[in-house]
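Visitor: Sequence isn't available, so here's the structure alone:
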DNA sequence: TTTTATATTTAGAATAATTCTAAATTTGAC
DNA sequence: GTCAAATTTAGAATTATTCTAAATATAAAA
């Protein structure tokens, strides 16, 4: 990628962060970049290792802080599909997650209109309001099946 | 409840445990009883406190062991709806969970046929197989709405 | 009913993920 | 450039859970 192009990409990323009301910092940019580069739902720890390759002096506490900031502003979502560490996801469309119980991989499963929550018609008790939901599918992925 | 009735209830519970191939122990009976008495999806810690009221010399390690055994044999299910401690559920029907983000309460939401997983038609990539799934609805319950 | 092999229970240590704290640094606005 | 406010940081603290190895209880056989 040429320098100008790279620069352009970077400023688009900065725009995105600013639009969400985030104070722009070197660390937040880095953490968000890392998440966008490999969308395999990394844990905070995995993000930390990837981030360190680019800025070796970043700390794990900062990674947690940045992830929290990105989640709070809505650019990133937490994925809580098992008892293990929280994973992070930049896919903001309505989707489910499949977790392979053998290899631990987490992949996005797109929902077509019919499967989206407002269309499947779950009935809540009176006075309850849903703000968010998460569908975790557990099983065996194609790479791990016998 | 009369003693005979109580006895009868207890042996039905024992049957259930035995049918699942579980070795019958005082602790497992207790832990399962506690779960059946108040189905509010307690954490291991909450189960420990309730269990201690009846058998003060039970240990937290045993509570974890018993819960694991009950989960493994299929009488109890783990509920992993947030980053906090795992919760336990004795409802074996297909259902979703609603978590109140204010008070933390977790309640069962029944699914009617149309909403069950095999009927909503989620498309998995080739070779993937689902063994289990979990729907977590997050929001505000009627008691906490403003 | 006693014996015996095996599984369960236990206290306490260990681990893992995350949060907290308070001092140092960086940022954006002026 | 200055400055207040927010961010970053190392390291300690916390929380939930798992591990370990010794003591005990259980189920089945004798």
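Guide: On my side now, so go ahead. Note that the structure is a prediction, hence the values are computed from the model and not measured.
Visitor: next structured bit after the lowest-mean-pLDDT helix or strand in chain A?
Guide: For chain A, the helix or strand with the lowest mean confidence is helix A:117-120, at a mean of 69 (criterion: mean pLDDT, DSSP states H and E). Using DSSP states H and E, the helix or strand that follows helix A:117-120 in sequence is strand A:129-140.
Visitor: So residue A:143 sits against residue A:103, correct?
Guide: Yes - in this structure residue A:143 lies within contact range of residue A:103 using C-beta atoms under 8 Å: 6.7 Å. For glycine as for every other residue, the C-beta is placed from the backbone atoms N, C-alpha and C.
Visitor: tell me, how many neighbours does residue A:39 end up with?
Guide: Neighbour count of residue A:39, defined by other C-beta atoms under 10 Å in any protein chain shown: 13.
Visitor: Where do the strands of chain A begin and end?
Guide: Using DSSP state E, the strands of chain A run over A:77-79, A:87-89, A:95-100, A:106-110, A:129-140.
Visitor: any chance of these in JSON lines, with mean neighbour count and mean pLDDT too?
Guide: Converted to JSON lines, the strands of chain A look like this (neighbours: other C-beta atoms under 10 Å in any protein chain shown; pLDDT from 0 to 100):
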{"stretch": "strand A:77-79", "mean neighbour count": "18", "mean pLDDT": "96"}
{"stretch": "strand A:87-89", "mean neighbour count": "21", "mean pLDDT": "97"}
{"stretch": "strand A:95-100", "mean neighbour count": "21", "mean pLDDT": "94"}
{"stretch": "strand A:106-110", "mean neighbour count": "16", "mean pLDDT": "94"}
{"stretch": "strand A:129-140", "mean neighbour count": "17", "mean pLDDT": "92"}
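Visitor: Now render these as a markdown table, adding distance to residue B:112.
Guide: Putting the strands of chain A into a markdown table (distance: least, C-beta to C-beta, whole Å) gives the following:
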| stretch | distance to residue B:112 |
| --- | --- |
| strand A:77-79 | 27 |
| strand A:87-89 | 29 |
| strand A:95-100 | 19 |
| strand A:106-110 | 22 |
| strand A:129-140 | 17 |
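Visitor: of all those, which lies closest to residue A:51?
Guide: Counting by C-beta to C-beta, residue A:51 lies closest to strand A:87-89 out of the strands of chain A; the figure is 12.0 Å.
Visitor: The residue sitting furthest away from the middle of chain A: what's it in contact with?
Guide: Within chain A, the residue lying farthest from the chain centre (C-alpha atoms, centre = their mean) is residue A:126, at 31.9 Å. Residues near residue A:126 by C-beta atoms under 8 Å, 6 or more residues apart in numbering or on different chains: residue B:142.
Visitor: same deal with residue A:84?
Guide: Residue A:84 is in contact with A:43, A:104, counting by C-beta under 8 Å, 6+ apart.
Visitor: cool, residue A:82 as well?
Guide: A:99, A:136, A:138, B:80.
Visitor: Any figure for the gap between it and residue A:105?
Guide: 12 Å (C-beta to C-beta, to the nearest Å).
Visitor: Determine the residues that are contacts of both of the two.
Guide: residue A:99.
Visitor: Identify the bridge partners of the residue most central in space within chain A.
Guide: Nearest to the mean C-alpha position of chain A, counting by C-alpha atoms, centre = their mean, stands residue A:89 at 1.2 Å. Beta-bridge pairing of residue A:89 under DSSP bridges involves residue A:77.
Visitor: quick one: it and residue A:41 touch, right?
Guide: Yes - with contact defined as C-beta under 8 Å, residue A:89 and residue A:41 form a contacting pair (5.4 Å).
Visitor: which residues do these two both contact?
Guide: Taking C-beta under 8 Å, 6+ apart as the contact criterion, the common neighbours of residue A:89 and residue A:41 are A:79, A:97.
Visitor: quick one: contacts for residue A:141?
Guide: Taking C-beta under 8 Å, 6+ apart, one finds A:98, A:100, A:102, A:103, A:105, A:107, B:127, B:128 in contact with residue A:141.
Visitor: Please verify my assumption that the fifth one contacts residue A:87.
Guide: No - the criterion here is C-beta under 8 Å, and residue A:105 misses it with residue A:87 at 10.6 Å.
Visitor: Find residues that contact each of those two.
Guide: With C-beta under 8 Å, 6+ apart, residue A:105 and residue A:87 have no common neighbours.
Visitor: what's in contact with stretch A:28-38?
Guide: A:10, A:13-14, A:16-17, A:22, A:42, A:47, A:50-51, A:54-55, A:58, A:62-63, A:66-67, A:69-70, A:75-76, A:88, A:90.
Visitor: That concludes my questions; thank you for your assistance.
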